[in-house]
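Asker: pasting the sequence and the predicted model now:
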Amino acid sequence: MRKGIMRLFVPAPSDFSFLETVSAHGWRRLLPFVWNEDALTLVRTEELSEQLITLTISAADDVVQVETDRDCGEAELAARVSRMLQLDLPLTGFHAYCRTQPELIGIADCRRGRLLRSPTLWEDVVKVIATTNTTWAQTIAMSTRLVKEFGREGRAFPSAAETAAVPFDDFSSKVRMGYRSAYVHGIATRIADGTLDLEGWQTEDLTAETLRKRLLSLPGIGPYGAACLLLYLGKPAHVNSDSVARALLAKEMGQSVTDKDVHAFFKPHSEWQGLVYNFYPWKWNSSPVREGQ
DNA sequence: TTCCAGGGGTAGA
DNA sequence: TCTACCCATGGA
């Protein structure tokens, strides 16, 4: 191995699938994630130990391999990779439930149920806001501008502190997130001044409903955004119904449907309905966003 | 021009 | 709780 190159192996549970996790939704298309379709590796630049480090993540049976271009702390690196791939998410109960439902058995067989997420809740919140009321192409463009304009060396995702340090007019004109700019900059400012501890929410052992109320209190986060984020936080009892869900269900039903119809359709899956929706056969097989189109 | 996209905030009923 | 209207941006 070349000097400075570090390789770390992170144990993964037997019901984990790297490819299924990375492919679960569109996050791998948003900088600073770069998905290498040929090598099947996920590349990402992170700030670790106060230096920029590029991670190349791949996986074999029951283990995730992380190669870095510089030495860094193994514990912190493993923690970030674990969060990104939801390695600590227990899926036994979900897969057991899927095996009781004929149409869901494939979810368990393929080891689906984890979703790629960012190393921080802050980044996930920003990216969820960037998916609302816009096209996927614009979501990609917004994420790209965030990294290029405000990330360290134009390669890492800007921290809340880095974002808050940018004057709002400058931030807004460069990031071109429209009315979402005020939401993102406002959240960044609250994190930076210590009045909002987003990351701390993840270690408080909160109930799903308490967490949902807190997420809904964030500007720019409504029922759809909160359900997305709850899913990333391992709380799958809410369906992140959106225009894609409505269109797909309408196609199945042969008639126009509302959010209420989508929620009614998945309600029987109770505590698992958020995960069931995201991996439901007709959604999985026909999601343009998951395919990155 | 007008519409609308992986919605959300707000006011009024 | 529900509905209507507005919201920046950019592509069709």
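Answerer: Looks like it arrived, so ask away.

Asker: near DNA strand C, which residues of the stretch 151-293 of chain A?
Answerer: Within the stretch 151-293 of chain A, the positions adjacent to DNA strand C are A:Ser172, A:Ser173, A:Arg176, A:Met177, A:Gly178, A:Tyr179 by C-beta under 7 Å from any atom of the strand. For every residue, glycine as well, the C-beta is placed using N, CA and C.

Asker: what helix or strand does the closest residue to the third one other than its chain neighbours sit in?
Answerer: What sits nearest to A:Arg176 in space, not counting adjacent residues and going by C-beta to C-beta, 6 or more residues apart in numbering, is A:Arg145, at 6.4 Å. A:Arg145 belongs to helix A:136-145 when elements are defined using DSSP states H and E.

Asker: ok, A:Leu52 next?
Answerer: Using DSSP H and E, A:Leu52 maps to strand A:51-60.

Asker: so what does that strand touch, helix or strand wise?
Answerer: If contacts are counted by 3 or more C-beta pairs under 8 Å, 6 or more residues apart in numbering; DSSP states H and E, strand A:51-60 sits against helix A:18-22, strand A:41-48, strand A:63-68, helix A:74-84.

Asker: need these in JSON lines (columns: mean neighbour count and mean pLDDT).
Answerer: Below are the helices and strands packed on strand A:51-60 laid out as JSON lines (neighbours: other C-beta atoms under 10 Å; pLDDT from 0 to 100):
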{"stretch": "helix A:18-22", "mean neighbour count": "20", "mean pLDDT": "96"}
{"stretch": "strand A:41-48", "mean neighbour count": "20", "mean pLDDT": "97"}
{"stretch": "strand A:63-68", "mean neighbour count": "18", "mean pLDDT": "97"}
{"stretch": "helix A:74-84", "mean neighbour count": "17", "mean pLDDT": "97"}
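
Asker: and the ones you listed: which comes nearest DNA strand C?
Answerer: Counting by C-beta to the nearest atom of the strand, DNA strand C lies closest to strand A:41-48 out of these; the figure is 24.4 Å.

Asker: quick one: strands adjacent to the closest one?
Answerer: According to DSSP bridges, strand A:41-48 forms sheet pairs with strand A:34-36 (antiparallel), strand A:51-60 (antiparallel).

Asker: now, of those strands, which is deepest in the fold?
Answerer: Neighbour counts (mean count of other C-beta atoms under 10 Å) averaged over each of the strands paired with strand A:41-48 peak at strand A:51-60, with a mean of 17.

Asker: and the strand holding A:Leu52, average pLDDT?
Answerer: On average, the pLDDT along strand A:51-60 is 95.

Asker: outside of it itself, list whatever touches it.
Answerer: A:12, A:18-19, A:39-47, A:64-70, A:72, A:77, A:81, A:84-85, A:152-153, A:155-156 (C-beta atoms under 8 Å, 6 or more residues apart in numbering).

Asker: can you list the buried residues in the helix holding A:Arg145?
Answerer: In terms of neighbour count (16 or more other C-beta atoms under 10 Å), helix A:136-145 has its buried residues at A:Trp136, A:Thr139, A:Ile140, A:Ala141, A:Met142, A:Ser143, A:Arg145.

Asker: report the two of these separated the most.
Answerer: By the measure C-beta to C-beta, A:Trp136 and A:Arg145 form the most distant pair in these, at 15.2 Å.

Asker: any idea which residue of the stretch 1-150 of chain A lies closest to DNA strand C?
Answerer: Among all residues of the stretch 1-150 of chain A, A:Asn133 sits closest to DNA strand C, at 4.9 Å; criterion: C-beta to the nearest atom of the strand.

Asker: for A:Val166, which residues are in contact?
Answerer: A:Phe150, A:His185.

Asker: low pLDDT regions in chain A?
Answerer: A:1-4, A:287-293 (pLDDT under 70).
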